[in-house]
Each structure stands twice: as structure tokens, then as C-alpha cells.
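Visitor: Sequence isn't available, so here's the structure alone:
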């Protein structure tokens, strides 16, 4: 007698979400409320680390776009060193894109312990500050999320967050290496001034 996996419901649900493709769009009020709660949570974590707020304040006015498929969120660094939602028409200074399109493949990769792909484009200094924040602001994402959404979904979100961190580190490292190879020093990059020719 064949038995069905206890996880077949989850697999079927993820397959259905994958079939919906770009046609699936949650109601605007759901998106608005979810984004509002994410900003509140991020600011709660940032307020526990004064150095993080100082670094973020230096990036005031900068916009980070995070996206996966048709879902996206723009965050704005405020003068207070916290985050707010950016206006929908605001241009992104840094874009973080999860490249795995299929919800099923994304979940399977995370459950295997693989890291989803993340593409990073934009301001290398802002990427370096975001990377610093991720490295130095201590927060047990999975533990806090598990209280809200359960252990398995919290683990998936945690894996995606770790993959974004890894991609940020690679992006910053590769840009710094290419700048060094091209003879650009960090002070001139930070100031925006080109290095004088030898």
C-alpha cells in the first residue's frame, strides 16, 4: 500500500503558487500592511544598536529595492538612522533581487541547505553599509519569526536572508577588487572624486 508524504500538501501548495506565476497579486492592503510590519520590525532591531543607526544615518535618502518575482519593497534610509518605506516612484540606489523564480525550487533549495541566488546592482558604498549592518546587528531572525509564523517558514526566511548577506559580501568584495585593480583608492570612491592620473 502506497503512503503519501505528510509534506505533500506543502509541495502541492508550492506547485500551485509556481503555476500562478506573475498573475498572482495579493490585495494592495495586504502588501501595505506586510511592508509596514517589516519596517517596524527592522527599526526595532536597529534601535538596539546605536552604531548601526549612525551608519544608516550617513546613507540618509538612499533607497534599497528588494525584489523577488513581482514582489518588491523599497526602503529609505532616514536622517534618524532608521528605515521607512520609500515612495513607489523613488529610484533605487541599490537593488537586491532573489533570482530563483519558482517558489517550489526556492523552498527546496533552502530545505537542502543551499542558498538561493541573489543579484546585486547599484551603489557599492551602500551595499557595504548594508553588509556591515547585517554582520554587526545581532538579531535571531528565525527565533523571532518562528513565534509569528512557525518554525519551518521561519527557517526558509532565515536561509534567504543569509543568502542575501553572502551575495552582498561577494558584490562588495568584487567591486573593491576591481577598483583596486583599476587603481582607484577607497577615499576617492567614498568622496566620489576620480583618482588623479599618475
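Guide: The structure has been received and is ready for your questions. Given the structure is predicted, the values throughout are model-derived calculations rather than measurements.
Visitor: pretty sure residue 53 contacts residue 42?
Guide: No: in this structure residue 53 lies outside contact range of residue 42 using Cβ atoms under 8 Å: 11.6 Å. Using the backbone N, CA and C atoms, a C-beta is placed for each residue, glycine as well.
Visitor: Residue 126: which element?
Guide: If you go by DSSP states H and E, residue 126 is part of helix 124-136.
Visitor: Excluding chain neighbours, what is closest to residue 134?
Guide: Counting by Cβ to Cβ, 6 or more residues apart in numbering, residue 134 lies nearest to residue 165, which is 4.7 Å off, once chain neighbours are set aside.
Visitor: ok, now how distant is the one you found from residue 135?
Guide: 8 Å (Cβ to Cβ, to the nearest Å).
Visitor: And these two? Which one has more around it.
Guide: Between residue 165 and residue 135, counting by other Cβ atoms under 10 Å, residue 165 is the more crowded of the two (17 against 11).
Visitor: For that one, give me its contacts.
Guide: By Cβ atoms under 8 Å, 6 or more residues apart in numbering, the residues touching residue 165 are 131, 134, 135.
Visitor: Ranking helices and strands of this structure by mean pLDDT, which lands last?
Guide: helix 186-191 (a mean of 42; mean pLDDT, DSSP states H and E).
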